[in-house]
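A.B. asks: my questions are about this predicted structure, shown below with the sequence.
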Amino acid sequence: MLAADPAASIASIAAEAGVDRRTVYRRFASREELLAAIHQARLEAVESVIEDARLREAPVAVALHRYVENIITVNRTWPVDLTRMLADDDIRERRERSVQEVDTFLRRATDEGLLRPDQPEGWTGALLPQLMHLVARQMPHLSAPRAADVVVDTFLQGMGARQSGRTTP
């Protein structure tokens, strides 16, 4: 609900969840506390995805697909406004560590020849999350594994290392 309407009231959230608003207020003293808990849960899920993808150890293509598939699931499960997450110092710092971990992985993917080295600094790190966000929101009918196939294929066709002798359209 908060993804569709960031101003949704506690009463409407409770009704959608099938509980009384007093039940929500017993758990969360304020709307801000509820939002903080949602952002915390999303951040924990992202951190778990990064750990499970084994971005430093797994073969790059395997780690990329595993990361993308599971982030798509996180995006669908916790579709919150990320800019609101940045207001909390702890969450912002933890999110920045996650971003740095993925950026390090993308440099590894470039160094190992999976991604093109001729792109502007930060472009791959900016493009990948946008593709994952787009497929999570615009293609909900695709399973997470199939959505990851689409994202990884699109990402690698645009950012993938060029094969010698291959011409571009």
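C.D. replies: Yep, it's here.

A.B. asks: report the central residue of this structure.
C.D. replies: Ile71 (4.3 Å; CA atoms, centre = their mean).

A.B. asks: report pLDDT for that one.
C.D. replies: Predicted confidence (pLDDT) for Ile71: 96.

A.B. asks: in stretch 134-148, what counts as buried?
C.D. replies: 135-136, 142, 144, 147-148 (16 or more other CB atoms under 10 Å). Using the backbone N, CA and C atoms, a C-beta is placed for each residue, glycine as well.

A.B. asks: low pLDDT regions in this structure?
C.D. replies: 3, 81-85, 160-169 (pLDDT under 70).

A.B. asks: ok, 90 please
C.D. replies: For the chain, the stretches flagged by pLDDT under 90 are 1-42, 77-95, 137, 157-169.

A.B. asks: isn't there a strand covering Ala87?
C.D. replies: No - applying DSSP: H, G, I helix; E, B strand; the rest coil, one finds Ala87 to be coil, outside a strand.

A.B. asks: that one: neighbour count?
C.D. replies: Per other CB atoms under 10 Å, the neighbour tally for Ala87 reads 12.

A.B. asks: so what's the backbone phi/psi at it?
C.D. replies: Main-chain torsions, Ala87, degrees, to the nearest 10: phi -70, psi -30.

A.B. asks: picking up where we left off before, closest to Gly113 among the buried residues of stretch 134-148?
C.D. replies: Ala148 (21.2 Å; CB to CB).

A.B. asks: next, the contact list for that closest one, please.
C.D. replies: Counting by CB atoms under 8 Å, 6 or more residues apart in numbering, Ala148 touches 65, 68-69, 72.

A.B. asks: so which of those residues sit within helices?
C.D. replies: Judged by DSSP state H, helices contain the following of these: 65, 68-69, 72.

A.B. asks: quick one: which of the residues you listed is nearest to Glu96?
C.D. replies: Val68 (20.3 Å).
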